[in-house]
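S.K.: kindly return the folded structure for what I paste below:
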Amino acid sequence: MSYSLLEDAHAVILPAFASTSLSDECKRFLDRGGSSILIGESRNEYVARQMSFERRCTETAESFTSLVGEAKKLSNNLLVAVDQELGGICRMHDLVPQFPTNEELIGMSASEVEDITYRVAKASQALGVNVFLAPIVDLVTGVNPWLDGRTYSTDPEVVGRVSAAFVRGVQKAGVAATAKHFPGFHNITGDPAIDANAHVEDDADSYAPGFNPFADVIAAEVEMIMVGPAINKAFDPARAALRSKPVIEILKLDLRYQGIVMADNLDSKATMHGDSIEKVAVDAIRAGCDLLLTPDVGTQLEEVSKTLINAVETGNISRDALAQSADKIRRLAQKYTAKL
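M.R.: Alright, predicted model coming up:
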């Protein structure tokens, strides 16, 4: 089946929103070829590393199933993503079994981790969720206000073993895993979401231990890897990782990853670095990303899709490259929708 440029431009966008209802903009997005949504959290919940008391009291299983049902009327094969992190943000809160504490996690065997993550994923899948934006595999060894409270070990063997078990467990349950945030942000000057100058200053050798957990999740056949939102000066002093071809080539060529490459939030201040979100989107596709995490704010989804179409028409993006990325997303959506 062939798809139009309009449909391909929508298929490579992942709209994010904090509620359990679809905006009119998101409905149009899905109707025009969108294949994914991210049921996210508020900034306050993100900072607190937990869902609000009000949300936990009022949000029900039906909130999710109703939203997914409405979305699937517009896009039958659909990726429905949430943040469900070991030691970090758990968007599904009290609606599914809880992950172990960080202390418990470190002492668990791979088979024990695989078993609990399977059960969490299976319960989430029953509510229509089929993608976890997890595990976090960054090996944080320095200062990192962005990932503070979202990681559980500084030992690459532990992070790799647990993360690979997570991937196997959730994907066995029919939920695609997304390892993040390549190339690893072990020591960063600020929170990329709000600090335009947040970056990693350290030299290339400092990344070597952190590449091992990424290799472990790749060996576990992780479906997606998310590339991070800030500049890693050792690899590219000018562009955030998700906009950087040299960074993404490390993932694809050195680590031999052939799956879907997702760009982290396009409108993070450190990602934009003064540019428009539309320019970031074009740069990310040109750098080698397949899927673009884009907040559903105002007409932003439409503006990004229009910009991608224009970039193809003017030769700034390869038509074949965009089509290949869109096909990757659609195949994954078909694979994991079939498991629901």
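S.K.: any low-confidence regions in this protein?
M.R.: Along the chain, segments meeting pLDDT under 70 span 340.
S.K.: would you map the strands across it?
M.R.: For the chain, strands defined by DSSP state E occupy the ranges 13-17, 36-39, 79-82, 131-132, 176-182, 199-200, 224-227, 231-232, 260-263, 291-295.
S.K.: most tightly packed of these?
M.R.: Most buried of the strands of the chain by mean neighbour count (mean count of other Cβ atoms under 10 Å) is strand 131-132; its value is a mean of 29. The way it works is simple: take the backbone N, C-alpha and C, and place the C-beta from them, glycine included.
S.K.: hang on, the earlier thing: make JSON lines out of the strands of the chain and add distance to residue 5.
M.R.: Compiled in JSON lines, the strands of the chain are given as follows (distance: least, Cβ to Cβ, whole Å):
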{"stretch": "strand 13-17", "distance to residue 5": "14"}
{"stretch": "strand 36-39", "distance to residue 5": "18"}
{"stretch": "strand 79-82", "distance to residue 5": "21"}
{"stretch": "strand 131-132", "distance to residue 5": "25"}
{"stretch": "strand 176-182", "distance to residue 5": "26"}
{"stretch": "strand 199-200", "distance to residue 5": "35"}
{"stretch": "strand 224-227", "distance to residue 5": "24"}
{"stretch": "strand 231-232", "distance to residue 5": "31"}
{"stretch": "strand 260-263", "distance to residue 5": "20"}
{"stretch": "strand 291-295", "distance to residue 5": "16"}
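S.K.: of these, which is nearest residue 46?
M.R.: Closest to residue 46 of the strands of the chain, according to Cβ to Cβ: strand 13-17, at 11.1 Å.
S.K.: what ranges does the stretch 1-150 of the chain have for its helices?
M.R.: Taking DSSP state H, counting those that start in this stretch as the criterion, the stretch 1-150 of the chain carries its helices at 5-11, 24-31, 43-48, 53-58, 61-74, 102-106, 110-125.
S.K.: check contacts around the nearest residue to residue 311 once chain neighbours are set aside.
M.R.: Sequence neighbours aside, residue 317 is the residue nearest to residue 311 in space, at 4.1 Å (criterion: Cβ to Cβ, 6 or more residues apart in numbering). Contacts for residue 317 (Cβ atoms under 8 Å, 6 or more residues apart in numbering) come out as 282, 285-286, 308, 311.
S.K.: now residue 247
M.R.: 182-183, 227, 232, 235-236, 241, 287.
S.K.: how does it look with 10 Å?
M.R.: 182-183, 227-228, 231-232, 234-236, 239-241, 287-288 (Cβ atoms under 10 Å, 6 or more residues apart in numbering).
S.K.: try residue 232
M.R.: Applying Cβ under 10 Å, 6+ apart, we find residue 232 in contact with 182-186, 188, 199-202, 204, 206-207, 239-241, 244, 246-247, 250.
S.K.: which of those residues fall within helices?
M.R.: 246-247 (DSSP state H).
S.K.: what subset of the contacts of residue 232 is buried?
M.R.: With neighbours counted by 16 or more other Cβ atoms under 10 Å, the contacts of residue 232 contain buried members at 182-186, 188, 199-200, 202, 206-207, 239-241, 244, 247, 250.
S.K.: tabulate the contacts of residue 247 (CSV), appending distance to residue 194.
M.R.: Conversion of those to CSV gives the following (distance: Cβ to Cβ, whole Å):
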residue, distance to residue 194
182, 21
183, 21
227, 19
228, 15
231, 15
232, 19
234, 23
235, 23
236, 22
239, 19
240, 14
241, 17
287, 23
288, 26
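S.K.: and the furthest pair within those?
M.R.: Using Cβ to Cβ, the contacts of residue 247 reach their maximum pairwise distance at 234 and 288, which is 18.3 Å.
S.K.: among the strands of the chain, which comes closest to residue 213?
M.R.: strand 176-182 (8.0 Å).
S.K.: for residue 221, give me phi and psi.
M.R.: phi 70, psi 40 (degrees, to the nearest 10).
S.K.: any idea how far it lies from residue 129?
M.R.: Between residue 221 and residue 129 the distance, using Cβ to Cβ, to the nearest Å, works out to 20 Å.
S.K.: who has more neighbours, those two?
M.R.: Regarding residue 221 and residue 129, a neighbour count based on other Cβ atoms under 10 Å identifies residue 129 as having more, with 27 against 12.
S.K.: so what's the more buried one up against?
M.R.: Taking Cβ under 10 Å, 6+ apart as the test, what residue 129 contacts is 39, 64-65, 68, 79-82, 84, 91-92, 95-96, 121, 123, 174-175, 336, 340.
S.K.: kindly report the same for residue 137.
M.R.: The contact partners of residue 137, taken as Cβ under 10 Å, 6+ apart, are 151, 156, 159-160, 162-164, 166-167, 179-182, 184, 210-217, 222, 225-226.
S.K.: try 8 Å
M.R.: Counting by Cβ under 8 Å, 6+ apart, residue 137 touches 159-160, 163, 179-180, 184, 210, 213-214, 216-217.
S.K.: list the ones among those residues that fall in helices.
M.R.: 159-160, 163, 210, 213-214, 216-217.
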